[in-house]
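Visitor: here is my input, please return the structure:
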Amino acid sequence: MTDQTTDPTAMDADQLAKEAYFTASQGQLIWARFKKQRAAMIAASVLLVLVLSGIFAPFLSPYDPTIAGKDKDYTNGAPQIPEFCDINGCSLRPFVHAVERERSMATNFRWVTKVNEDKRIYVEFFAEGWEYKLFGFIPMDTHLFGSPDGFIHIFGTDLSGKDIYSRTLHAIWTSMKVGSIGVFIAFVLALIIGGISGYYGGWIDSILQMITDAVRTVPAIPLFMAVAAFMPPELSAEARFFYISLILGFIGWPTLARRVRTHLLTERNQEYVLAAQLCGAPAGHVIRRHLLPSFTSYIIVDLVISFPYMVLSETALSFIGLGLKDPVNSLGVMLQNVTSADVLLNYQWYFIPVIFFIALVMAFVFVGDGLRDAADPYSDTHK
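Guide: Purely as a prediction, here's the structure:
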(Lines give C-alpha, C1' and ligand atoms only; values in the text may rest on other atoms or scores of the structure.)
Protein backbone atom coordinates (compact mmCIF):
# COMPACT_ATOMS: atom_id res chain seq x y z
CA MET A 1 0.00 0.00 0.00
CA THR A 2 1.13 3.51 -0.75
CA ASP A 3 0.75 6.43 1.58
CA GLN A 4 -1.52 9.14 0.20
CA THR A 5 -0.46 12.59 1.23
CA THR A 6 -2.33 15.79 0.77
CA ASP A 7 -0.89 19.18 0.08
CA PRO A 8 -1.43 21.36 3.18
CA THR A 9 -1.30 24.48 1.02
CA ALA A 10 -4.21 23.23 -1.11
CA MET A 11 -6.15 22.27 2.03
CA ASP A 12 -5.61 25.73 3.52
CA ALA A 13 -6.71 27.43 0.30
CA ASP A 14 -9.81 25.25 0.10
CA GLN A 15 -10.64 25.92 3.73
CA LEU A 16 -10.17 29.64 3.29
CA ALA A 17 -12.44 29.57 0.22
CA LYS A 18 -15.14 27.80 2.21
CA GLU A 19 -14.82 30.25 5.10
CA ALA A 20 -14.98 33.17 2.70
CA TYR A 21 -18.13 31.70 1.14
CA PHE A 22 -19.95 31.16 4.43
CA THR A 23 -18.94 34.55 5.84
CA ALA A 24 -19.66 36.54 2.66
CA SER A 25 -22.52 38.98 2.57
CA GLN A 26 -25.44 38.59 0.21
CA GLY A 27 -24.06 41.28 -2.07
CA GLN A 28 -20.69 39.55 -2.28
CA LEU A 29 -22.34 36.23 -3.14
CA ILE A 30 -24.45 37.84 -5.86
CA TRP A 31 -21.38 39.54 -7.36
CA ALA A 32 -19.37 36.30 -7.32
CA ARG A 33 -22.15 34.47 -9.17
CA PHE A 34 -22.74 37.36 -11.56
CA LYS A 35 -19.08 37.41 -12.64
CA LYS A 36 -19.37 33.81 -13.87
CA GLN A 37 -21.93 34.80 -16.53
CA ARG A 38 -20.11 35.99 -19.63
CA ALA A 39 -23.13 37.46 -21.44
CA ALA A 40 -24.17 39.46 -18.39
CA MET A 41 -20.62 40.77 -17.86
CA ILE A 42 -20.36 41.87 -21.51
CA ALA A 43 -23.76 43.56 -21.24
CA ALA A 44 -22.67 45.28 -18.01
CA SER A 45 -19.56 46.60 -19.77
CA VAL A 46 -21.65 47.94 -22.66
CA LEU A 47 -24.09 49.49 -20.21
CA LEU A 48 -21.26 51.12 -18.27
CA VAL A 49 -19.84 52.63 -21.47
CA LEU A 50 -23.25 53.99 -22.48
CA VAL A 51 -23.89 55.44 -19.03
CA LEU A 52 -20.48 57.14 -18.93
CA SER A 53 -20.94 58.47 -22.45
CA GLY A 54 -24.23 59.99 -21.33
CA ILE A 55 -22.78 61.50 -18.15
CA PHE A 56 -19.84 63.03 -20.03
CA ALA A 57 -21.87 63.84 -23.15
CA PRO A 58 -21.02 67.60 -23.13
CA PHE A 59 -17.29 66.83 -22.98
CA LEU A 60 -17.50 64.14 -25.68
CA SER A 61 -19.66 66.28 -27.98
CA PRO A 62 -17.83 68.68 -30.30
CA TYR A 63 -20.96 70.80 -30.90
CA ASP A 64 -23.99 72.04 -29.03
CA PRO A 65 -26.73 69.47 -29.79
CA THR A 66 -29.50 72.05 -29.66
CA ILE A 67 -28.21 74.28 -32.47
CA ALA A 68 -26.67 73.79 -35.91
CA GLY A 69 -22.96 73.07 -36.26
CA LYS A 70 -20.22 75.37 -37.44
CA ASP A 71 -21.34 75.14 -41.05
CA LYS A 72 -25.09 75.79 -40.95
CA ASP A 73 -25.35 74.97 -44.66
CA TYR A 74 -24.17 71.42 -44.06
CA THR A 75 -27.68 70.00 -43.59
CA ASN A 76 -28.40 66.31 -44.05
CA GLY A 77 -24.66 65.91 -44.30
CA ALA A 78 -23.08 62.48 -44.57
CA PRO A 79 -20.81 61.19 -41.79
CA GLN A 80 -17.17 62.24 -41.97
CA ILE A 81 -14.85 59.41 -40.96
CA PRO A 82 -11.40 60.51 -39.73
CA GLU A 83 -8.52 58.90 -41.60
CA PHE A 84 -4.75 58.93 -41.63
CA CYS A 85 -3.95 58.43 -45.32
CA ASP A 86 -5.29 59.74 -48.63
CA ILE A 87 -4.02 60.23 -52.19
CA ASN A 88 -1.64 62.92 -50.96
CA GLY A 89 0.09 60.68 -48.43
CA CYS A 90 -0.23 59.79 -44.74
CA SER A 91 -0.28 61.82 -41.56
CA LEU A 92 0.22 61.04 -37.88
CA ARG A 93 -2.78 63.21 -37.07
CA PRO A 94 -6.30 62.09 -38.05
CA PHE A 95 -8.08 64.32 -40.51
CA VAL A 96 -11.20 64.65 -42.66
CA HIS A 97 -11.54 66.23 -46.06
CA ALA A 98 -13.29 69.49 -46.68
CA VAL A 99 -16.63 69.20 -48.44
CA GLU A 100 -18.34 71.46 -50.94
CA ARG A 101 -22.07 71.42 -51.50
CA GLU A 102 -24.14 72.43 -54.48
CA ARG A 103 -27.59 71.72 -55.87
CA SER A 104 -27.73 69.49 -58.94
CA MET A 105 -30.44 69.20 -61.58
CA ALA A 106 -29.65 65.48 -61.87
CA THR A 107 -30.89 64.96 -58.31
CA ASN A 108 -33.95 67.24 -58.52
CA PHE A 109 -32.00 70.13 -57.01
CA ARG A 110 -30.98 68.20 -53.92
CA TRP A 111 -27.75 69.07 -52.19
CA VAL A 112 -24.82 67.16 -53.65
CA THR A 113 -21.70 66.83 -51.53
CA LYS A 114 -18.31 66.85 -53.21
CA VAL A 115 -15.22 65.92 -51.26
CA ASN A 116 -12.17 68.14 -51.74
CA GLU A 117 -9.34 65.66 -51.21
CA ASP A 118 -6.74 68.40 -51.58
CA LYS A 119 -7.85 70.13 -48.39
CA ARG A 120 -7.42 68.42 -45.05
CA ILE A 121 -9.16 69.38 -41.83
CA TYR A 122 -7.15 67.99 -38.93
CA VAL A 123 -8.81 66.66 -35.80
CA GLU A 124 -7.62 68.36 -32.62
CA PHE A 125 -8.00 66.59 -29.27
CA PHE A 126 -9.05 68.47 -26.15
CA ALA A 127 -10.14 71.35 -28.32
CA GLU A 128 -11.98 74.45 -27.17
CA GLY A 129 -15.60 74.78 -28.24
CA TRP A 130 -19.06 75.63 -26.96
CA GLU A 131 -19.41 76.37 -23.27
CA TYR A 132 -21.22 73.92 -21.02
CA LYS A 133 -21.44 72.85 -17.38
CA LEU A 134 -20.10 69.39 -16.62
CA PHE A 135 -22.30 67.58 -14.07
CA GLY A 136 -24.47 70.68 -14.13
CA PHE A 137 -22.15 72.99 -12.18
CA ILE A 138 -18.56 72.84 -13.54
CA PRO A 139 -18.17 75.47 -16.31
CA MET A 140 -16.00 74.20 -19.16
CA ASP A 141 -15.39 74.74 -22.86
CA THR A 142 -12.99 71.82 -23.51
CA HIS A 143 -14.12 68.89 -25.65
CA LEU A 144 -12.58 65.52 -26.43
CA PHE A 145 -12.08 66.43 -30.06
CA GLY A 146 -12.85 69.20 -32.49
CA SER A 147 -11.52 71.01 -35.50
CA PRO A 148 -10.62 74.69 -35.29
CA ASP A 149 -10.12 74.92 -39.06
CA GLY A 150 -13.52 73.55 -40.09
CA PHE A 151 -16.18 71.13 -38.96
CA ILE A 152 -16.34 67.40 -38.36
CA HIS A 153 -19.52 65.33 -38.02
CA ILE A 154 -18.64 61.67 -37.51
CA PHE A 155 -22.33 60.64 -37.50
CA GLY A 156 -23.42 63.27 -40.03
CA THR A 157 -25.99 66.02 -39.56
CA ASP A 158 -29.77 66.20 -39.64
CA LEU A 159 -32.17 68.43 -41.57
CA SER A 160 -31.39 71.49 -39.44
CA GLY A 161 -27.62 70.94 -39.47
CA LYS A 162 -27.38 69.60 -35.90
CA ASP A 163 -24.60 67.15 -35.17
CA ILE A 164 -26.13 63.66 -34.85
CA TYR A 165 -23.20 62.37 -32.77
CA SER A 166 -23.66 65.09 -30.15
CA ARG A 167 -27.42 64.64 -30.17
CA THR A 168 -27.11 60.88 -29.71
CA LEU A 169 -24.94 61.15 -26.59
CA HIS A 170 -27.25 63.71 -25.01
CA ALA A 171 -30.31 61.65 -26.00
CA ILE A 172 -28.93 58.60 -24.17
CA TRP A 173 -28.51 60.62 -21.00
CA THR A 174 -31.95 62.24 -21.27
CA SER A 175 -33.72 58.91 -21.78
CA MET A 176 -31.82 57.37 -18.88
CA LYS A 177 -32.73 60.26 -16.59
CA VAL A 178 -36.40 59.87 -17.48
CA GLY A 179 -36.14 56.13 -16.86
CA SER A 180 -34.31 56.62 -13.55
CA ILE A 181 -36.90 59.00 -12.15
CA GLY A 182 -39.75 56.79 -13.34
CA VAL A 183 -38.18 53.63 -11.89
CA PHE A 184 -37.45 55.34 -8.57
CA ILE A 185 -41.05 56.54 -8.17
CA ALA A 186 -42.48 53.16 -9.20
CA PHE A 187 -40.04 51.29 -6.95
CA VAL A 188 -40.85 53.31 -3.84
CA LEU A 189 -44.61 53.10 -4.41
CA ALA A 190 -44.44 49.35 -5.07
CA LEU A 191 -42.49 48.62 -1.89
CA ILE A 192 -44.74 50.78 0.30
CA ILE A 193 -48.10 49.67 -1.12
CA GLY A 194 -47.12 46.04 -1.68
CA GLY A 195 -45.45 45.80 1.73
CA ILE A 196 -48.42 47.22 3.65
CA SER A 197 -50.90 45.14 1.66
CA GLY A 198 -49.02 41.87 2.13
CA TYR A 199 -48.10 42.39 5.80
CA TYR A 200 -51.47 43.44 7.17
CA GLY A 201 -53.85 41.66 4.79
CA GLY A 202 -57.57 41.84 5.54
CA TRP A 203 -59.55 44.93 4.59
CA ILE A 204 -56.36 46.97 4.11
CA ASP A 205 -55.19 44.47 1.51
CA SER A 206 -58.57 44.56 -0.24
CA ILE A 207 -58.60 48.34 -0.53
CA LEU A 208 -55.01 48.56 -1.74
CA GLN A 209 -55.56 45.80 -4.29
CA MET A 210 -58.60 47.65 -5.63
CA ILE A 211 -56.39 50.71 -6.12
CA THR A 212 -53.67 48.58 -7.73
CA ASP A 213 -56.14 46.99 -10.16
CA ALA A 214 -57.56 50.41 -11.01
CA VAL A 215 -54.10 51.74 -11.89
CA ARG A 216 -53.28 48.63 -13.94
CA THR A 217 -56.38 49.12 -16.06
CA VAL A 218 -55.47 52.68 -17.03
CA PRO A 219 -54.29 52.60 -20.70
CA ALA A 220 -51.00 54.47 -21.11
CA ILE A 221 -51.49 55.95 -24.59
CA PRO A 222 -54.92 57.56 -23.97
CA LEU A 223 -53.63 58.85 -20.64
CA PHE A 224 -50.68 60.55 -22.31
CA MET A 225 -52.93 61.89 -25.06
CA ALA A 226 -55.09 63.51 -22.41
CA VAL A 227 -52.07 64.90 -20.57
CA ALA A 228 -50.57 66.19 -23.83
CA ALA A 229 -53.86 67.96 -24.61
CA PHE A 230 -53.79 69.77 -21.28
CA MET A 231 -50.10 70.71 -21.49
CA PRO A 232 -49.78 74.31 -22.71
CA PRO A 233 -47.60 74.75 -25.84
CA GLU A 234 -45.36 77.24 -24.05
CA LEU A 235 -44.49 74.68 -21.36
CA SER A 236 -40.72 74.51 -20.87
CA ALA A 237 -38.72 71.44 -21.84
CA GLU A 238 -37.74 70.88 -18.18
CA ALA A 239 -41.38 70.90 -17.06
CA ARG A 240 -42.41 68.49 -19.82
CA PHE A 241 -39.49 66.25 -18.82
CA PHE A 242 -40.68 66.27 -15.20
CA TYR A 243 -44.31 65.47 -16.06
CA ILE A 244 -43.35 62.58 -18.36
CA SER A 245 -41.12 61.04 -15.68
CA LEU A 246 -43.79 61.49 -13.04
CA ILE A 247 -46.51 59.82 -15.08
CA LEU A 248 -44.28 56.89 -16.06
CA GLY A 249 -43.52 56.31 -12.40
CA PHE A 250 -47.13 56.51 -11.23
CA ILE A 251 -48.37 53.97 -13.77
CA GLY A 252 -45.39 51.58 -13.51
CA TRP A 253 -45.61 50.33 -9.90
CA PRO A 254 -48.55 47.83 -9.81
CA THR A 255 -46.68 44.79 -11.18
CA LEU A 256 -43.88 44.96 -8.60
CA ALA A 257 -46.38 45.81 -5.85
CA ARG A 258 -48.30 42.62 -6.67
CA ARG A 259 -45.16 40.51 -6.38
CA VAL A 260 -44.11 42.11 -3.11
CA ARG A 261 -47.58 41.58 -1.69
CA THR A 262 -47.70 37.90 -2.74
CA HIS A 263 -44.33 37.19 -1.14
CA LEU A 264 -45.18 38.96 2.11
CA LEU A 265 -48.48 37.11 2.41
CA THR A 266 -46.47 33.88 2.35
CA GLU A 267 -43.61 34.97 4.59
CA ARG A 268 -45.45 36.94 7.27
CA ASN A 269 -46.37 33.76 9.19
CA GLN A 270 -42.82 32.40 9.33
CA GLU A 271 -41.10 31.89 12.67
CA TYR A 272 -38.46 34.60 12.16
CA VAL A 273 -41.23 37.16 11.63
CA LEU A 274 -43.03 35.98 14.75
CA ALA A 275 -39.78 36.24 16.73
CA ALA A 276 -39.26 39.82 15.58
CA GLN A 277 -42.84 40.70 16.53
CA LEU A 278 -42.45 39.14 20.00
CA CYS A 279 -39.33 41.24 20.51
CA GLY A 280 -41.48 44.33 20.02
CA ALA A 281 -40.30 45.27 16.53
CA PRO A 282 -42.74 47.64 14.77
CA ALA A 283 -44.36 46.66 11.47
CA GLY A 284 -42.14 48.97 9.43
CA HIS A 285 -39.01 47.42 10.91
CA VAL A 286 -40.21 43.87 10.27
CA ILE A 287 -41.04 44.66 6.64
CA ARG A 288 -37.85 46.61 5.96
CA ARG A 289 -35.32 44.46 7.87
CA HIS A 290 -36.75 40.95 7.63
CA LEU A 291 -39.35 40.47 4.91
CA LEU A 292 -38.04 42.59 2.01
CA PRO A 293 -34.43 41.27 2.23
CA SER A 294 -35.76 37.73 1.73
CA PHE A 295 -37.25 38.99 -1.54
CA THR A 296 -34.07 40.65 -2.76
CA SER A 297 -33.54 38.63 -5.94
CA TYR A 298 -37.00 39.43 -7.31
CA ILE A 299 -36.76 43.08 -6.33
CA ILE A 300 -33.40 43.42 -8.10
CA VAL A 301 -34.75 41.78 -11.23
CA ASP A 302 -37.86 43.96 -11.34
CA LEU A 303 -35.82 47.08 -10.67
CA VAL A 304 -33.35 46.41 -13.49
CA ILE A 305 -35.83 44.94 -15.98
CA SER A 306 -38.29 47.79 -15.49
CA PHE A 307 -35.62 50.31 -16.48
CA PRO A 308 -35.57 49.45 -20.22
CA TYR A 309 -39.36 49.42 -20.23
CA MET A 310 -39.34 52.95 -18.86
CA VAL A 311 -36.88 53.97 -21.59
CA LEU A 312 -39.04 52.19 -24.17
CA SER A 313 -42.13 54.00 -22.90
CA GLU A 314 -40.45 57.40 -23.09
CA THR A 315 -39.11 56.58 -26.55
CA ALA A 316 -42.46 55.40 -27.83
CA LEU A 317 -44.32 58.41 -26.45
CA SER A 318 -41.78 60.88 -27.83
CA PHE A 319 -41.81 59.00 -31.13
CA ILE A 320 -45.57 59.52 -31.57
CA GLY A 321 -45.34 63.14 -30.41
CA LEU A 322 -46.83 62.74 -26.91
CA GLY A 323 -43.61 62.89 -24.93
CA LEU A 324 -40.53 65.05 -25.13
CA LYS A 325 -40.06 67.40 -28.06
CA ASP A 326 -37.34 69.53 -29.62
CA PRO A 327 -35.05 71.09 -28.49
CA VAL A 328 -34.84 68.28 -25.92
CA ASN A 329 -32.63 65.46 -27.17
CA SER A 330 -33.99 62.01 -26.38
CA LEU A 331 -33.93 58.74 -28.26
CA GLY A 332 -37.64 59.02 -28.99
CA VAL A 333 -37.28 62.54 -30.38
CA MET A 334 -34.44 61.42 -32.64
CA LEU A 335 -36.35 58.37 -33.87
CA GLN A 336 -39.03 60.70 -35.18
CA ASN A 337 -36.62 61.63 -37.96
CA VAL A 338 -36.41 58.10 -39.43
CA THR A 339 -40.07 57.68 -40.32
CA SER A 340 -39.97 59.10 -43.83
CA ALA A 341 -39.10 57.17 -46.99
CA ASP A 342 -36.77 60.00 -48.02
CA VAL A 343 -34.55 59.31 -45.00
CA LEU A 344 -34.59 55.56 -45.65
CA LEU A 345 -33.48 56.02 -49.25
CA ASN A 346 -31.06 58.93 -48.99
CA TYR A 347 -29.98 59.62 -45.41
CA GLN A 348 -29.30 56.24 -43.81
CA TRP A 349 -27.05 57.76 -41.13
CA TYR A 350 -30.23 58.90 -39.35
CA PHE A 351 -30.50 55.29 -38.13
CA ILE A 352 -27.26 55.44 -36.13
CA PRO A 353 -29.09 56.45 -32.90
CA VAL A 354 -31.29 53.36 -33.35
CA ILE A 355 -28.20 51.18 -32.86
CA PHE A 356 -27.45 52.89 -29.54
CA PHE A 357 -31.08 52.56 -28.48
CA ILE A 358 -31.09 48.81 -29.16
CA ALA A 359 -27.75 48.37 -27.40
CA LEU A 360 -29.01 50.24 -24.32
CA VAL A 361 -32.21 48.20 -24.01
CA MET A 362 -30.51 44.86 -24.66
CA ALA A 363 -27.75 45.64 -22.16
CA PHE A 364 -30.31 46.26 -19.44
CA VAL A 365 -32.15 43.03 -20.32
CA PHE A 366 -29.01 40.87 -20.15
CA VAL A 367 -27.83 42.52 -16.94
CA GLY A 368 -31.26 41.97 -15.40
CA ASP A 369 -31.26 38.30 -16.38
CA GLY A 370 -27.76 37.88 -14.98
CA LEU A 371 -28.70 39.51 -11.68
CA ARG A 372 -31.80 37.36 -11.43
CA ASP A 373 -29.78 34.17 -11.77
CA ALA A 374 -27.06 35.42 -9.45
CA ALA A 375 -29.51 36.47 -6.73
CA ASP A 376 -31.50 33.24 -6.89
CA PRO A 377 -29.86 30.68 -4.54
CA TYR A 378 -31.61 27.84 -6.35
CA SER A 379 -30.32 28.79 -9.78
CA ASP A 380 -28.13 26.26 -11.58
CA THR A 381 -26.04 28.84 -13.40
CA HIS A 382 -23.53 29.28 -10.60
CA LYS A 383 -23.05 25.69 -9.54
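
Visitor: okay, Val49: pLDDT?
Guide: Here the pLDDT value assigned to Val49 is 93.

Visitor: burial measure for it, as a count.
Guide: 12 (other C-beta atoms under 10 Å). Backbone N, C-alpha and C define where each C-beta goes, glycine included.

Visitor: for it, give its distance to Ile352.
Guide: Plainly put, Val49 is 16 Å away from Ile352 if you go by C-beta to C-beta, to the nearest Å.

Visitor: same thing with Ala226?
Guide: Ala226 sits 34 Å away from Ile352 when distances are taken as C-beta to C-beta.

Visitor: so these two - more neighbours on which side?
Guide: Ile352 (18 against 11).

Visitor: which helix or strand contains that one?
Guide: Ile352 belongs to helix 352-375 when assigned by DSSP states H and E.

Visitor: average pLDDT for that helix?
Guide: 84.

Visitor: determine how far that helix lies from the middle of the whole chain.
Guide: Centroid separation for helix 352-375 versus its chain: 9 Å, with C-alpha atoms, centre = their mean, to the nearest Å.

Visitor: so what's the nearest residue to Lys114 once chain neighbours are set aside scoring on pLDDT?
Guide: Nearest residue to Lys114, sequence neighbours excluded (C-beta to C-beta, 6 or more residues apart in numbering): Glu100, at 4.8 Å. Here the pLDDT value assigned to Glu100 is 74.

Visitor: check Ala237 too.
Guide: Reported pLDDT for Ala237: 66.

Visitor: ok, back up a step: measure the residue nearest to Lys114 to Met140 for me?
Guide: 33 Å.

Visitor: and those two? which has more neighbours close in?
Guide: When Glu100 and Met140 are compared for neighbours, Met140 comes out ahead with 15 against 10, by other C-beta under 10 Å.

Visitor: the longest helix in the protein is where?
Guide: Ordering each helix of the chain by length in residues (DSSP state H) puts helix 164-200 first.

Visitor: who does the very next helix or strand once past that one touch, helix- and strand-wise?
Guide: Sequence-wise, the next helix or strand downstream of helix 164-200 (DSSP H and E) is helix 202-216. Where contact means 3 or more C-beta pairs under 8 Å, 6 or more residues apart in numbering; DSSP states H and E, helix 202-216 is packed against helix 164-200, helix 254-267.

Visitor: which strands and helices sit next to the last one?
Guide: Which is helix 254-267. On a contact count with 3+ C-beta pairs under 8 Å, 6+ apart, helix 254-267 meets helix 164-200, helix 202-216, helix 296-319.
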